[in-house]
Structures are given as C-alpha cells and as structure tokens.
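Student: Pasting the sequence and the predicted coordinates here, then a few questions.
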Amino acid sequence: MIIDDFFELLFIMSGFQKWIGYQNVKSMPTYFYVQKTKRFSAKNTPIPFERAILNIGGAMNLESGKFKAPVAGTYFFSFIGLVQYPITSTVLNELSVMLYQNGQVVGRGQFNEVDAVNNVYYLSPVTVQSTLMLKAGDEVWLEASYGLFSVGYLFDSDGTRYTHFNGWLLEEDIAHSL
C-alpha cells in the first residue's frame, strides 16, 4: 500500500499501538552502600555490617550480611576491606574475601603478607567486584577465609570505616516481572 498523505496515514494507524515494548513498567530501585565499624576475624561465615549509608529497596540485611535480590536482573557488587596482621612469626599470612551467590563462590579477592614481624602496622586493601545475573530471591554475601596458620582480620573501628560493600541493580529482567 502506498500512502502519500501523512494525515491519511495517521487515520489508518490510529487503531494501532504506537509504543514498542512495555508501557508503564518501571524497574524497582535497588541499591545499597554499607560499612563495618568493628574489626572482623570470623571465617566461613557471612560478613555482617553495622552501618547503612544507603539501602534503597531494603534488599541488604545488615545483621546477616546478605543481599536478597527483589527482582530478576543484572546486578553489580563491589567490596573493599582493609587487612591487618598482628605481630607473628608465621611465614605466610593470607586472607581471602569470597563473594557468594546462593552458596557458590563467584568472586574472590586475596591478600598475602609475608613478614608481620618487620611490618607491624602494615595494612593492605582486599577487593572483590562482580556483575551477576540474579533471579528474584537469589542471595549474595561475602565471607572471609584465612590460611592454615593465618591470624589476620578485617581492620575497622567506629571512626575508620575502611571496610564497605555496595551493589545496585543495573537492569531489571522485565520479562520476569510481568
């Protein structure tokens, strides 16, 4: 069909949908930024956080240290912590922080320290970042792990705020939300 009159085209198309995609469907805002205010040395347990700077959508539980995805989609997570080792004669100290998704390790940051005797106040950052596809209800958390004879910890106090974790929904999988 050839139409040379724009107004005739508008009349013909008036009964058709004019939008492509989903109308009036909006992503649920989900983002958080939490901090530790106490040193942490427990291993193989989710790292809890004491202070929430942001927790829009309420998906991050400070006490359990777990993020629970409210909707399916692509999420970004980032963690940084400051590691300290006390004076020790251990040849090698190591501290890892693992990012878990539903009980499976999906990311890891590690710091090795080889001479805490001569570097008594040596502090070093450990970081983990990841972009994950999550389903609604999936959980994400961090756990610390230490070498066999390691005695380090995530260094923090109420005034320092060196250890923090943040994440946000990059893009909701709209098809799962309808």
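Tutor: Thanks, I have it.

Student: ranges for the strands of this structure?
Tutor: Remark: strands assigned in the chain by DSSP state E are 31-35, 51-56, 60-61, 66-68, 73-84, 93-101, 104-113, 123-134, 139-146, 153-154, 164-172.

Student: Could you name the helices and strands sitting against the fourth one?
Tutor: Using 3 or more C-beta pairs under 8 Å, 6 or more residues apart in numbering; DSSP states H and E as the contact criterion, the neighbours of strand 66-68 among helices and strands are strand 60-61, strand 139-146. Yep, even glycine has a C-beta here, placed from its N, CA and C like the rest.

Student: what about this structure, any weak spots by pLDDT?
Tutor: Residue ranges of the chain with pLDDT under 70: 1-26, 86-92, 113-123, 147-151, 176-178.

Student: Against residue 34, how distant is the residue sitting nearest the centre point of the chain?
Tutor: By C-alpha atoms, centre = their mean, the chain has its centre lying nearest to residue 77, at 2.7 Å. For residue 77, the distance to residue 34 equals 11 Å [C-beta to C-beta, to the nearest Å].

Student: Kindly report the same for residue 158.
Tutor: 15 Å.

Student: Name the residue in the two with the higher neighbour count.
Tutor: Taking neighbours as other C-beta atoms under 10 Å, residue 158 and residue 34 compare with residue 34 leading, 24 against 10.

Student: ok, and the closest non-adjacent residue to that one?
Tutor: residue 49 (3.9 Å; C-beta to C-beta, 6 or more residues apart in numbering).

Student: Are there residues contacting both of residue 77 and residue 34? Which ones?
Tutor: 165, 166 (C-beta atoms under 8 Å, 6 or more residues apart in numbering).

Student: How about the contacts made by residue 68?
Tutor: With C-beta under 8 Å, 6+ apart, residue 68 has these contacts: 59, 61, 137, 138, 139.
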